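Undergrad: Let me see the structure of the following:
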Amino acid sequence: MGVFDRAKAASGLSIDTEEALPYVCLSCGATYEVQHHHCPDCGSFDIRCSRWVQE
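TA: Model (predicted):
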């Protein structure tokens, strides 16, 4: 396992996980690969990590 594979596994972004898009807008439900300051779809400022929302 390489350095990048270990980093992805530690961050929860490994390809084997079901969660391919780790950030979600709580207002409209849009999902993103990167964290935005505001939702490009609805303009909301409530973007959260999907892992935190599911817990």
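Undergrad: mind checking pLDDT for residue 50?
TA: Per-residue pLDDT puts residue 50 at 85.
Undergrad: To what extent is it buried, counted in neighbours?
TA: 17 (other Cβ atoms under 10 Å). Yep, even glycine has a C-beta here, placed from its N, CA and C like the rest.
Undergrad: I'd guess residue 53 is in a helix, am I close?
TA: Yes: Residue 53: assigned to a helix according to DSSP: H, G, I helix; E, B strand; the rest coil.
Undergrad: how about the helices in the protein?
TA: 3-11, 50-54 (DSSP state H).
Undergrad: Any idea which of these has the lowest pLDDT on average?
TA: helix 3-11 (a mean of 68).
Undergrad: for this structure, which spans come out with low pLDDT?
TA: 1, 4, 8-20, 55 (pLDDT under 70).
Undergrad: tell me the centre residue of it?
TA: Nearest to the mean C-alpha position of the chain, counting by Cα atoms, centre = their mean, stands residue 22 at 1.5 Å.
Undergrad: which residue packs closest to it, ignoring adjacent ones?
TA: residue 50 (5.3 Å; Cβ to Cβ, 6 or more residues apart in numbering).
Undergrad: ok, and the closest non-adjacent residue to residue 44?
TA: Nearest to residue 44 is residue 27, by Cβ to Cβ, 6+ apart, at 3.6 Å.
Undergrad: Tell me which residues touch the one you found, please.
TA: Residues counted as contacts of residue 27 (Cβ atoms under 8 Å, 6 or more residues apart in numbering) are 39, 42, 44, 46.
Undergrad: who wins for most neighbours among those?
TA: residue 39 (20 neighbours).
Undergrad: residues contacting it?
TA: 25, 27-28, 30, 45-47.
Undergrad: how close does it sit to residue 7?
TA: The gap separating residue 39 from residue 7 is 27 Å, by Cβ to Cβ, to the nearest Å.
Undergrad: coming back round to it: quick check: the residue nearest to residue 44 vs residue 47, distance?
TA: In terms of Cβ to Cβ, residue 27 sits 9 Å off from residue 47.
Undergrad: got it, and residue 41?
TA: Distance from residue 41 to residue 47, by Cβ to Cβ: 11 Å.
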